[in-house]
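[1] Below are the sequence and a predicted model; questions follow.
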Amino acid sequence: MKKFFDLVLTFSLAFTMTACGNSAQEVTAENSAAAATSAKTSTAVPEKAESKSESKPERQEENPLKNNIEFDFETKTVTLNSGYEMPIYGLGTYSLTGEECVRSVTAALENGVRLIDTAYMYHNEESVGEAVRNSGIPREEIFVVTKLYPNQFSDPEAAIEQALEKLDIEYIDMMLLHHPGTDDVKAYKAMENAVSEGKIRSIGLSNWYVEELEDFLPQVSITPALVQNEIHPYYQENDVIPYIHDLGIVVQGWYPLGGRGYTKELLGDEVISEIAEAHGKSSAQVILRWNLQKGVVVIPGSSNPDHIKENTELFDFELTDGEMEKINALDRNEKHDWY
Ligand SMILES: NC(=O)c1ccc[n+]([C@@H]2O[C@H](COP(=O)([O-])OP(=O)(O)OC[C@H]3O[C@@H](n4cnc5c(N)ncnc54)[C@H](OP(=O)(O)O)[C@@H]3O)[C@@H](O)[C@H]2O)c1
């Protein structure tokens, strides 16, 4: 399977647009140029969170969360197996760069969002960091996720330093490997070291499924705190989510609204629209709520302040079991991106 990913990666770098919106030309240029609501949603570890080192919680060696990933709908957070709290909804920043990214992250933070998802490959870590630093919100209340791309796995220490420098927010709350690739174990071990050095608080994986996890986990020491995979009503991963939860790992869904280019069909879906009308909510809010009730953290992407605000209003209604089942029945195993 890994070989498959490597092959696809090579093919993709050479010939296709990636999910992160970079043309083959841009990726080649990258390669040659350089070898995460309200005060209640504080992402700080609740007790004794005074300084970076003092706030480091006990790592949960025995996976007490196994079979028990529970979202707290009051605090709107989940406790990771690293001991840290992470908000259960946030803003995705894929395709947002420069001033547009700064404005979007700022709008999100002003609307109570405390979880921001970025990545090396989005070319916007500087902009995310700028918005976080200028927000006036205490650093420990904001949870920032970033990712190492496979073209960085061969020199992961340099890549981690680069992310810290670009973000410039003291530490990284969560770093993920963007998808499997050559040297992914080496890159993960470098992230483990960065955790022990206090540079990164929690680590995880993105685009790892059952087979990949079975292969990968025995090779590393720290159980990932998070797996971020494509999840939406047309691609539900109903077999993968419980498998990951049973490992004590939180699941976060990318492309919650289907991804750019696909949102129209999903938001216009008759079943979802009917449920939305019954609750006086939008289709986007119903899809995001469906994710939360399945135990999936949501990171919708948006540069529209009205949408950003709308995507935070997920806690004043609840989908019935019947409504959840109707949306579950929309699964088509229809992936909207290649990894
Ligand atoms: N790990 C990975 O491999 C991976 C891959 C892809 C994405 N991601 C992450 O997942 C995040 C989410 O994915 P995405 O942003 O690509 O796709 P998405 O969240 O499924 O959809 C984003 C699209 O939905 C629209 N939208 C957002 N809120 C809306 C609302 N309330 N009503 C109507 N339209 C709305 C946005 O337009 P407006 O701007 O007009 O609101 C945008 O066009 C990314 O930003 C990124 O952080 C990770």
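    Good, I have the coordinates.
[2] can you list the weak-confidence ranges in this structure?
    1-68 (pLDDT under 70).
[3] can you pull out the strands in it?
    71-72, 77-79, 85-87, 91-92, 115-117, 143-148, 172-177, 200-206, 226-230, 250-254, 296-298 (DSSP state E).
[4] partner strands of the third one, parallel or antiparallel?
    In the sheet, strand 85-87 lines up against strand 77-79 (antiparallel) (DSSP bridges).
[5] residues in the stretch 51-200 of the chain within reach of the ligand, list them.
    Contact residues (CB under 6 Å from any ligand atom) of the stretch 51-200 of the chain with the ligand: 92-94, 117, 178. In short, each C-beta sits where N, CA and C put it, glycine included.
[6] Could you turn the buried ones of these into a ChimeraX selection?
    Remark: buried members of those, expressed as a ChimeraX selection using 16 or more other CB atoms under 10 Å:
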select :92,93,94,117,178
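[7] Which of the residues of the stretch 51-200 of the chain next to the ligand sits closest to residue 290?
    residue 92 (17.0 Å; CB to CB).
[8] ok, now which ones touch the closest one?
    117, 254, 299-302 (CB atoms under 8 Å, 6 or more residues apart in numbering).
[9] Which strand residues bridge it?
    residue 117, residue 301.
[10] Next: residue 205.
    residue 177, residue 227.
[11] how near is residue 287 to the ligand?
    Applying CB to the nearest ligand atom, to the nearest Å, the value for residue 287 to the ligand is 9 Å.
[12] Identify the residues contacting that residue.
    Per CB under 8 Å, 6+ apart, neighbours of residue 287: 232-233, 256-257, 266-267, 272, 327.
[13] Kindly report the same for residue 203.
    Applying CB under 8 Å, 6+ apart, the residues near residue 203 are 82, 174-176, 188, 191-192, 195, 222, 224-225.
[14] Out of these, which end up buried?
    By 16+ other CB under 10 Å, those give 82, 174-176, 188, 191, 195, 222, 224-225 as buried.
[15] which of those sit farthest apart?
    Farthest apart among the buried ones among the contacts of residue 203 by CB to CB are 82 and 188. That separation is 14.1 Å.
[16] quick revisit: out of the residues of the stretch 51-200 of the chain next to the ligand, which is nearest to residue 276?
    Nearest member of these to residue 276, counting by CB to CB, is residue 92, at 20.9 Å.
[17] just wondering, since we're on that closest one, how far is it from residue 133?
    Separation of residue 92 from residue 133 (CB to CB, to the nearest Å): 20 Å.
[18] So which residues of this protein form helices?
    2-15, 24-33, 98-110, 125-134, 156-167, 184-196, 210-216, 240-246, 263-267, 270-279, 283-293, 305-310, 321-328 (DSSP state H).
[19] Tell me how far the closest residue to residue 206 other than its chain neighbours lies from residue 161.
    Spatially, and ignoring its direct neighbours in sequence, residue 206 is nearest to residue 228 (4.1 Å; CB to CB, 6 or more residues apart in numbering). Distance, residue 228 to residue 161, by CB to CB: 22 Å.
[20] who's more crowded, those two?
    Per other CB atoms under 10 Å, whichever of residue 228 and residue 161 has more neighbours is residue 228, with 27 against 13.
[21] Is the more buried one in contact with residue 253, as I believe?
    Yes: Residue 228 is within contact range of residue 253, at 7.5 Å (criterion: CB atoms under 8 Å).
[22] Can you pull the residues that touch both of those two?
    Joint contacts of residue 228 and residue 253 (CB under 8 Å, 6+ apart) are residue 299.
[23] one step back: out of the residues of the stretch 51-200 of the chain next to the ligand, who's nearest the ligand?
    Nearest to the ligand, judged by CB to the nearest ligand atom, of those is residue 92 at 2.3 Å.
[24] what's the spacing between the closest one and residue 143?
    13 Å.
[25] okay, among the contacts of residue 92, which ones form the most distant pair?
    Farthest apart among those - using CB to CB - are 254 and 302, which lie 13.7 Å from each other.
[26] Show me the beta-bridge partners of the closest residue to residue 119 other than its chain neighbours.
    Once flanking residues are discounted, residue 119 sits nearest to residue 147: 3.9 Å by CB to CB, 6+ apart. Here residue 147 sits in beta bridges with residue 176, going by DSSP bridges.
[27] Residue 147 and residue 184 touch, don't they?
    No: Residue 147 is beyond contact range of residue 184, at 11.9 Å (criterion: CB under 8 Å).
[28] The residue located most distally from the centre of the chain: what's its closest spatial neighbour, skipping adjacent residues?
    In the chain, the greatest distance from the average C-alpha position (CA atoms, centre = their mean) is reached by residue 278, at 29.7 Å. Spatial nearest neighbour of residue 278, chain neighbours left out: residue 323 (7.9 Å); criterion: CB to CB, 6+ apart.
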